[in-house]
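Engineer: quick one, what's the 3D model for this:
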Amino acid sequence: MNTFKTIKLSIKGMTCDGCAKGIEKNVSSLNGINQNEVNYQKGEGNFSFDESIISKENIIQEIEKTGHYKVEKELNPNTNHFDLIIIGGGSAAFSAAIKAESLGLSTLMINGGLDFGGTCVNVGCVPSKNLIRAAETAYHATHSNFKGIQPKGVAIDFKQVIKDKKELVATLQQHKYMDVVSDFKSLTMIKGWAKFVDKKTIIIDGKSTYTAIKFIIATGSTTNIPNIEGLNEIGYLTNVSLFDLEEKPKSLTIMGAGYIGLEIAQAYSRLGVKVRIIEFTDRPLRSQTKDITDILETQLKSEGIEILPNFRAFKFEKKGSDTIIHCKCPNGSTTQLIEKGKILVATGTKPNTSKLGLDNISLKLTDSGHIIVNEKMETNLSNIYAAGDVANTHAFVYTAAAEGNTVVTNAFTGDNKTLDYSSLPWVVFTDPQIAGAGLDEVQAEAKGIQFDVSKLDLTNVPRSLAAQDTRGFIKLIRNTETDKLIGARIIAPEGGELIQQLSMAIKYSITVKDLAESFYPYLTLGEGIKLATITFGKDVSKLSCCAS
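Structural biologist: Numbering: from 1, shown residues only. Just a heads-up that it's a prediction; the model follows:
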């Protein structure tokens, strides 16, 4: 395992920048040197090296070997200089810090905004999935797929549900984040807002400056608040503030029908809140094909959720305790909607880059403001990397963690680690769940791939029939030239539990034939994968349960 140490040496005898460059070149030739910077004006050199390979004495000998230069002394370490500075405190940041500690790097983590742990544990994955499960419990207490089972209803203590959620968040935030790094010897953590002064220097809260050899920007993202007249005056909610409401809203109008809005809509509806969704496109979850969203939309409407597609809010105003939402309708007319409860904004996210002083360092961004990185998570500046939701990559907690590790590996070990997202699995935690990996048919066609599609309705899956819950389907996309699986889409109760197997099949180029000839336990939802592969060549509805 690499163990890096950083030292600062006072060097006598340098007469120009060429001397400094010459020392840097000579020292760089040594095995075990990670970084070195020599400054002629200051008469100093900063050297980062692997103590298991090389010593401080070896570096001094290399500097002095020509006889032109003399190392006078080791300077007191600069407490404001680090091998690595991480800006942010979420999954990508902690993953990077864990990797940095294993390499013995002096590391500073600076976090502003959300508490350490970031979006996922504080206001994202953990609280939302906890409330989704609580809501499912309430729903199943009042709904049954079996005629012989008559539910007797449910009593919901909303305040207790939120209290339990808060306790879970606090527990995981402590155990999975703060406790993990509590004994790190080389990590310093500071709460504050970091801004780049130049590409090697940041200032925190306008007071203290810090320098580093490498930087990671891992500041995440936040709700993108649209510029709509009156919105800022009505006291709207986002997922950050919604999940802390201990009093159940009378009703809830959700602006946006992406995955965040839909998960929240169904959860709060099942907890007894009247929910309405306003969506400016033609259907919910517009990123997915219509056969998927049709099933989901039918389910949401059956639960009493009102969905208004092709509606665009253009003005909000308060009248007493009511909020008036002025909307443009699909036919071009306008209407006024009255919301007696709360307004939730779930209109997508934006990267947290506005306070970083990126104009001072000419860091390149996309049109949406995300930091542009390559497959190694490198930016256009050689000493600055980005990871997580702030980068132009996928916005998932598990991809952020992989990216944080990748950054430190590439920045300090000389490896050229890359991330391949071609088989990335993902899940939308509605009921039924939506899950995917690889390409769908629209994406495959856009890439010019020769493909065909197998789509198996759950009415053909014995497990679903036994559960009397046949909402959804399993869809597989294969390359017809190679028979390899290139994509999968699932909408099914607990369908997310199937997608990892299909993601691995895509990653390792498994053919549809191989999938079809594998063993699947009978009366599992996973058996639907086998049946879907058979459907490429046969009518599965005419096969026995023992078909292969």
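Engineer: residues in contact with the residue nearest the centre of the chain?
Structural biologist: Nearest to the mean C-alpha position of the chain, by CA atoms, centre = their mean, lies Phe396 at 2.2 Å. Applying CB atoms under 8 Å, 6 or more residues apart in numbering to Phe396 gives the contacts Leu424, Trp426. Yep, even glycine has a C-beta here, placed from its N, CA and C like the rest.
Engineer: Ser10 now?
Structural biologist: Gly43, Glu44, Val71, Glu72, Lys73, Glu74, Leu75.
Engineer: and with 7 Å instead?
Structural biologist: Neighbouring residues of Ser10 by CB atoms under 7 Å, 6 or more residues apart in numbering: Gly43, Glu44, Val71, Glu72, Lys73, Leu75.
Engineer: how about these in JSON lines, adding pLDDT?
Structural biologist: JSON lines is the format used below for the contacts of Ser10 (pLDDT from 0 to 100):
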{"residue": "Gly43", "pLDDT": "94"}
{"residue": "Glu44", "pLDDT": "91"}
{"residue": "Val71", "pLDDT": "94"}
{"residue": "Glu72", "pLDDT": "90"}
{"residue": "Lys73", "pLDDT": "86"}
{"residue": "Leu75", "pLDDT": "80"}
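Engineer: out of the residues you listed, flag the one nearest to Ala257.
Structural biologist: Each of those was scored against Ala257 by CB to CB, and Glu44 proved nearest at 57.6 Å.
Engineer: surely that closest one meets Lys8?
Structural biologist: Yes - Glu44 is in contact with Lys8 according to CB atoms under 7 Å; the separation is 6.1 Å.
Engineer: end to end, how far does stretch 181-192 reach?
Structural biologist: Terminal residues of stretch 181-192 are spaced 19 Å apart (CA to CA, to the nearest Å).
Engineer: now do the buried residues in it.
Structural biologist: Along stretch 181-192, these residues count as buried under the neighbour rule (16 or more other CB atoms under 10 Å): Val181, Phe184, Ser186, Leu187, Met189, Ile190.
Engineer: beta-bridge partners for the fourth one, please?
Structural biologist: Looking back up the chat, that one is Leu187. Thr107 (DSSP bridges).
Engineer: residues contacting it?
Structural biologist: Ala97, Glu101, Thr107, Met109, Val181.
Engineer: now do the last one, the pLDDT please.
Structural biologist: In other words, Val181. Note on Val181: pLDDT of 92.
Engineer: likewise the first one?
Structural biologist: Looking at Ala97, its pLDDT stands at 97.
Engineer: before we move on, the earlier item: closest one to Asn224 out of the contacts of Leu187, please.
Structural biologist: Of all the contacts of Leu187, Asn224 sits closest to Met109, with 25.7 Å by CB to CB.
Engineer: mind giving me the packing neighbours of whichever strand or helix holds the closest one?
Structural biologist: With secondary structure defined by DSSP states H and E, Met109 is part of strand 107-111. Helices and strands touching strand 107-111, by 3 or more CB pairs under 7 Å, 6 or more residues apart in numbering; DSSP states H and E, are strand 81-87, helix 91-102, strand 187-191.
Engineer: would you turn the ones you listed into CSV with distance to Ala170?
Structural biologist: What follows is the helices and strands packed on strand 107-111, written out as CSV (distance: least, CB to CB, whole Å):
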stretch, distance to Ala170
strand 81-87, 23
helix 91-102, 17
strand 187-191, 17
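Engineer: so which of those comes closest to Leu458?
Structural biologist: Of the helices and strands packed on strand 107-111, nearest to Leu458 by CB to CB is helix 91-102, at 33.4 Å.
Engineer: alright, calling it a day.
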